[in-house]
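K.L.:
below are the sequence and a predicted model; questions follow.
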Amino acid sequence: MLMIRLSRVGRANDPSFRMVVTDSQNSAKSGRFLEVVGSYNARGGKAQLDKTRIAHWLKQGVQVTDTVHNILVNHKLIESKKVSKVGKKKVDPKAKAAAPAA
């Protein structure tokens, strides 16, 4: 499945990100992506987006991560509420399988 996610670039202690379209099985650091559709400067909170390409990919059914979803809501590319990441936990499949059943 394709998704739009952030890929970190830039110097240490100066976070900036590329917004890329990639397969969900590729890691964010792999550098394997189909297209760069924008950038996001985390320190300034400024995003530069290619709105036509993002709209194209969204019409194709591409999923977006929670952070990218919130950026697109801020720029009015998606009509939705922001997604809260507070309280979401990643479940480790190994730890889940090792847990004793009660």
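P.N.:
Received it, and whenever you're ready, just let me know what you need. Numbering: from 1, shown residues only.
K.L.:
nearest residue to the middle of the protein?
P.N.:
Arg5 (2.7 Å; CA atoms, centre = their mean).
K.L.:
how about that residue: what's its closest non-neighbour residue?
P.N.:
Nearest residue to Arg5, sequence neighbours excluded (CB to CB, 6 or more residues apart in numbering): Thr65, at 4.8 Å. Every C-beta, even on glycine, is put in place using the N, C-alpha and C of the backbone.
K.L.:
isn't that neighbour up against Leu6?
P.N.:
Yes - counting by CB atoms under 8 Å, Thr65 does reach Leu6; the two are 7.0 Å apart.
K.L.:
these two: which has the busier surroundings?
P.N.:
Leu6 (20 against 17; other CB atoms under 10 Å).
K.L.:
name the helix or strand for that one, please.
P.N.:
Leu6 belongs to strand 2-9 when assigned by DSSP states H and E.
K.L.:
which strands border the helix or strand just after that strand, and is each parallel or antiparallel?
P.N.:
Heading C-terminal from strand 2-9, the first helix or strand you meet, by DSSP H and E, is strand 16-23. If you go by DSSP bridges, strand 16-23 pairs up with strand 2-9 (antiparallel), strand 35-41 (antiparallel).
K.L.:
ok so, going back, and the residue nearest to the centre of the chain, how close does it get to Lys94?
P.N.:
24 Å (CB to CB, to the nearest Å).
K.L.:
again with Glu35
P.N.:
The gap separating Glu35 from Lys94 is 34 Å, by CB to CB.
K.L.:
between those two, which has more neighbouring residues?
P.N.:
Taking other CB under 10 Å, Glu35 and Lys94 do not tie; Glu35 has more neighbours (14 against 8).
K.L.:
which residues are in contact with that one?
P.N.:
Going by CB atoms under 8 Å, 6 or more residues apart in numbering, Glu35 touches Val20, Val21, Arg53, Trp57.
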